[in-house]
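Colleague: Take this sequence and fold it.
(chains A, B and C)
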Amino acid sequence: MTEAARRLGPQGGADLVLKDVVSGYGAISVVQGVSVNVRPGEIVALLGKNGMGKTTTLKTILGMVALRGGSIAVDGTSVSGLSPSKLTALGLGYAPQEQPLFQDLSIRDNLRLAVASDAKLSQALERVFDYFPFLKDRLKQPAGTLSGGEQKMLILARALMLRPRLLLIDEISEGLQPSVIDKIASVLLNQRATSGVSILIVEQNLDFALKVADRWAVLKLGEIDDEGPAAPDARARVLQHLSV
Amino acid sequence: MRLSRLAPLVAATVAVAALWVAPLFLDPFAVNVLTRSMIYAVLAVTVDLLWGFMGILTFGQAAFFGVGAYAAAMMLGRFGGAPEWIAAALGVAVAASTLLGLAVGWLSFYHRSTALYASVISLVFPIVVTQLIYSGGELTGSSSGLVGFDVLPFEPAGFFRLAAMVLVAVTLAAWVFVRSDAGRALVAVRDNDARCAYLGLNPKRLQILMTTVLAGVAGLAGFMFANASGVVAPENAGFLFGTELVIWVALGGRGTLLGPVVGTVAIDYLAANLSGNLPFLWQLLLGATFVAVIILLPGGLAELASRVVGWLPSRRAEGFAPTLRARASLPASRDYADPLLKVSGLAKSYGSLTVLENIDLEVRPGELVSLVGPNGAGKTTLMRCLSDGTEPIKGEIAIDGSSTAGLTPNRIVALGIGRKFQVASVFESLTVADCLLLARASHDGLSPVGRAQALSLPQAAIDVMRMTGLDRMLASPVHLLSHGQKQALELSMVVALEPRMILLDEPTAGLTKAERTTIGTVLRTLTGELGIAAVLVEHDLDFVRQISSRIVVLHQGRLVLDGTVDEVVNSETVKTIYSGGGHD
Amino acid sequence: MLLILDVLTTAAVLFVVAIGLLAIFGVLKIINFAHGAWITVGAYCAVVTTHLGLNPWVALPLAFVVGGALGALSELFIIRPLYRRPLDAILATWGLGIVIGQLITLGFGRDVQLTPNLVSGTVNLLGVDYSAYRLVALAAAIVVGVAFAATIEGTRLGLSARAVIMNETLARGLGIDTARVRLLTFMIGAGLAALSGVLLTPLSSVDPNMGVGWLIGAFMLVMVANGSLPALALACLAFGAAQVLISTFVSPILGSIAIAVLAALVLRINPKGFSRA
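Modeller: Residues are numbered from 1 along each chain as shown, chains lettered A, B, ... in the order given. Purely as a prediction, here's the structure:
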């Protein structure tokens, strides 16, 4: 057991169930009836090309896009209508893709915004330093001055600050070098192993997704097109959906 | 049809007749107060046109009114009330306010100006005018204003009738104008001035023109006020009076013309009667009502009335639809060998963030070029650079040999480029027919007095509408259309421009399979048969593969591949990019 | 020397008056036209303090609390429904200002009220006799500015407010209660406006409409500052100097419109005004 794991202790992951979820913006329903289940401690990858509704699905779970149909439940209780602040208090961590950091704020302030009170800050900081030691020496640096890979690690670190029971991760691997992707994969797997967190990742990077996930689902035009376990044949099967 | 065109005229005639005899039945106090109220109502009409119809919240009409009033008072005070000098005073009052209106309009509206900035100017302007009046010494009477100048030789009843006739005339003219084809453009600018520009219209010029003309009308009202009241004071030009006008229009019901007229007359008359007894309570009541109306009833008392009565003349105009007619298209006599679009060495960055780098691209007539690439590859930025020459870029973009550098979107449309946005950019408050009418406005113009009976569109635009059923929905308000219908409407509007090249940003996003197929067929017809060039940003690669003549792959701001469909589909680079690697 | 002191103290007064409006505009993106009314409310807090025979300085905390409480009510019932209609929010807050002005008139009458000077007399500074109170106002501006900056930079609320300013979507996504941040910001903005009303009492006559005169200047300064505190300080100094110089050497009336006209011109040339973004 690593040092990080000892501090976190076992706490168990949440059970997330999406049933026939419909949501979107304005007149457009981008998500048109998606059903996905992430069981406690499971990692599920939501795959698919751009514009197919993956990010919107995450935002709907988070309460940032209104649910128009279907249901979303965590541990059997409906969470639709809850604000993001209520959901984070319930143990939901989020690593967004678009404009994910406050570029002009320091690394410390970016991390600080993830916890509700400063009382737990130093403890939470120590936990994420175990995963990403480079952050420790650069706390005062503006987040925007980090390299692309470092920024992604900061986003993940921030999502881990409040010991989430459910993590939603949006294209964390985008534009990263293989070494950084490996690092992120190992952090996710480690966190799952030690805290039992359930994780839903949205990905375009197939290799990364299949490496960390237990199961995958391909989203196409707002619906689940195909799904299956992360078995050896998965890569070829998913690629059929993603190729030009 | 004839009847409804005559109805406003009949109503106006009845109103004039009624108001003509009204002084016989009113006591002198009421005649005096109502004369003032009706002059204010003329101002309310101008505020309503600017704010209710065009979305420009203005406090500045008071200043134009004050300028007109002071110009008249100063002229009449100096030269006396001989008929020729009264005419001259009228001319100077209107001319001075019109010229100032032009200056204020020019200052307020420019490419990328915001609605808030226009409001800021409209706030500063009356303050400046008031202070100039204060500093005018004998010329303007400073804080005590001007009195004792000669006026029109009318009895109070005469001024009442003059004010009534001007009010009816101005209201009728405004009524006819907002219901004409050109009036639709006012609402279009408010709804979506970007779409107006991308239809080749110049929204800023329309805003400046309206500001200028309505400043002149306010000056006319000022002239009448100076004559009817025989006194002008700095408050008549002030910011506070400007806010009162807005309050009256808001309470009456913005965007209804009659609401503000009735609201202004009613509130000003009530104020004159009540404020003597309970001045503060009256203001308190008015302020509280105003806050409540803004929050709960943005349509004002007119909205309340229309809910109660269930009808209002303004609602009836929506059913109007012209007949659809095909027009002869321009012959496609293009030399297909020369590139229509030529991009060389294009680079674009936001601060230190480079979004596009070293892009070279040529598109010929009849080609359908698809731009693909992951999120953040720079596709939408490229589209923006192509359609707006004021975007700061490095490199060169030329359309048919002429550079687009510095050209605003409407001038690029004039070069033959039509742009369809990702989220359907249409006019939510208008009907389908009105949207198409505006799309043709840069070619055919718009009537400022009536409605065109026929809507003649290029055959290709009609085809798009037929395929999507829009041709049977001409009278439908756009906000009731489905998402797919809005996308089709926007495409029809762009095609109606008769462009030589169309830029399309994800035209199929959020559409059903059937709708996608339709759009695909339309695009193939436009490019294959009419020789129009098309550049398409698209995520749905199946769709891209079916319709493109060429595919261009962007990745991290660079053009990594430009080839035929087969070349791109079989490229290892593309596979790497789309399976997530591709970082270099 | 006199001119320099005039410029500094004028800028200080402008800064104190505008800072509450800036806080609200920066975080809520709403232009609060009730700002003038909050200033008036603050000044009448000084009147009430005098009537009760309390130490005049008590008016400062009293005004901050009263302004904050009224601000809370306004945010909940008037501002909150209008976040998506910013132009209507201008009008509704203007209407609110009318209501408050009339309520004050009903309570206190429309006459000019007298308040005791917080500090009287003059101070000899480098050979010039200068109004002691204007120097107090300068000190007050520095204290308010520093306290405001410390709140923004140092506290959790300040951090949340900055997060909302920079990227509200992300702030929400991270679980920050943005509605609470808006409410608290509005309360602080209204409280600061009322506070400035107390500080204005020795410099300006106290009547139910006194705030309106200050509103426009504050509004123009905030537009030019574009939500940034250092830009506001800079704008106050630059335009305050212009106002003093034009009033002294050209004409007081031109001086009184200097801020509005210069601000409009600056915005025409650069919509972001004095802020560096």
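Colleague: can you list the weak-confidence ranges in chain A?
Modeller: Applying pLDDT under 70 to chain A flags the ranges A:1-11, A:27, A:50-51, A:242-244.
Colleague: Please list the residues outside stretch C:77-91 that contact it.
Modeller: Residues from elsewhere that reach stretch C:77-91, judged by CB atoms under 8 Å, 6 or more residues apart in numbering or on different chains: B:57, B:115-116, B:119, B:246-247, B:250, B:290-291, B:294-295, B:298, C:28-33, C:92-93, C:96, C:179, C:182, C:186. The C-beta positions use only the backbone N, C-alpha and C, and glycine is treated the same way.
Colleague: Kindly recompute the last result at 10 Å.
Modeller: B:51, B:55-57, B:59, B:115-116, B:119, B:123, B:243, B:246-247, B:250, B:290-296, B:298, C:24, C:28-34, C:71, C:74, C:92-93, C:95-96, C:179, C:182-183, C:186, C:219 (CB atoms under 10 Å, 6 or more residues apart in numbering or on different chains).
Colleague: Just the buried residues of that stretch, please?
Modeller: By 16 or more other CB atoms under 10 Å in any protein chain shown, the buried positions in stretch C:77-91 come out as C:78-80, C:82, C:87-91.
Colleague: In contact with B:Gly222, which residues?
Modeller: Contacts of B:Gly222 (CB under 10 Å, 6+ apart): B:39, B:42-43, B:62-73, B:93-94, B:96-97, B:232, B:236-237.
Colleague: my guess is B:Val42 contacts B:Leu220, does it?
Modeller: Yes. With contact defined as CB atoms under 10 Å, B:Val42 counts as touching B:Leu220 (7.5 Å).
Colleague: Common neighbours of those two, please.
Modeller: Common neighbours of B:Val42 and B:Leu220 (CB under 10 Å, 6+ apart) are B:65, B:166, B:170.
Colleague: Inside helices: which ones of these?
Modeller: Among the shared contacts of B:Val42 and B:Leu220, the ones falling in helices (DSSP state H) are B:65, B:166, B:170.
Colleague: Which one of those sits in the busiest neighbourhood?
Modeller: B:Phe65 (35 neighbours; other CB atoms under 10 Å in any protein chain shown).
Colleague: For chain B, tell me whether the helix or strand where A:Lys19 lies is touching it.
Modeller: Using DSSP states H and E, A:Lys19 sits in strand A:16-25. Yes. Judged by CB under 10 Å from any CB of the partner chain, strand A:16-25 and chain B are in contact via A:24-25.
Colleague: In the next helix or strand after that strand, which residues are buried?
Modeller: Next along the chain after strand A:16-25, taking DSSP H and E as the criterion, comes strand A:28-38. Using 16+ other CB under 10 Å as the test for burial, strand A:28-38 gives A:28-32, A:34, A:36-38.
Colleague: Indicate whether strand A:28-38 makes contact with chain C.
Modeller: No. Counting by CB under 10 Å from any CB, chain C has no neighbours in strand A:28-38; the shortest distance is 16.3 Å.
Colleague: now whatever residue of chain A ends up closest to chain C: how far from C:Ala171?
Modeller: Taking CB to the nearest CB, chain C has its nearest neighbour within chain A at A:Thr88, 2.8 Å off. Distance from A:Thr88 to C:Ala171, counting by CB to CB, to the nearest Å: 11 Å.
Colleague: if I look at these two, which residues touch both of them?
Modeller: Common neighbours of A:Thr88 and C:Ala171 (CB under 10 Å, 6+ apart) are C:Asp177.
Colleague: Pass me the low-pLDDT residue ranges in the stretch 251-400 of chain B, would you?
Modeller: For the stretch 251-400 of chain B, the ranges with pLDDT under 70 are B:310-319, B:329-337, B:375-376.
Colleague: for chain C, same thing?
Modeller: Ranges of chain C meeting pLDDT under 70: C:276-277.
Colleague: And the strands in it?
Modeller: C:122-125, C:128-131 (DSSP state E).
Colleague: who does the last one pair up with?
Modeller: If I follow you right, that is strand C:128-131. strand C:122-125 (antiparallel) (DSSP bridges).
Colleague: for the helix or strand encompassing B:Leu172, packing partners?
Modeller: Using DSSP H and E, B:Leu172 maps to helix B:156-178. Counting by 3 or more CB pairs under 10 Å, 6 or more residues apart in numbering or on different chains; DSSP states H and E, the packing neighbours recorded for helix B:156-178 are helix B:2-25, helix B:28-47, helix B:181-191, helix B:203-229, helix B:258-274, helix B:313-316.
Colleague: Output those helices in a markdown table; the columns should cover distance to A:Leu47.
Modeller: Listed next are these as a markdown table, based on distance: least, CB to CB, whole Å:
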| stretch | distance to A:Leu47 |
| --- | --- |
| helix B:2-25 | 58 |
| helix B:28-47 | 56 |
| helix B:181-191 | 39 |
| helix B:203-229 | 43 |
| helix B:258-274 | 55 |
| helix B:313-316 | 50 |
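Colleague: quick one: A:Phe132 from chain B, how far?
Modeller: 20 Å (CB to the nearest CB, to the nearest Å).
Colleague: Tell me who's in contact with that residue.
Modeller: A:150, A:153-154, A:156-157, A:160, A:183-184, A:187.
Colleague: Now whichever residue of the stretch 251-400 of chain B sits closest to chain C: phi and psi?
Modeller: Proximity of the stretch 251-400 of chain B to chain C (CB to the nearest CB) peaks at B:Gly287, 3.3 Å away. Main-chain torsions, B:Gly287, degrees, to the nearest 10: phi -60, psi -40.
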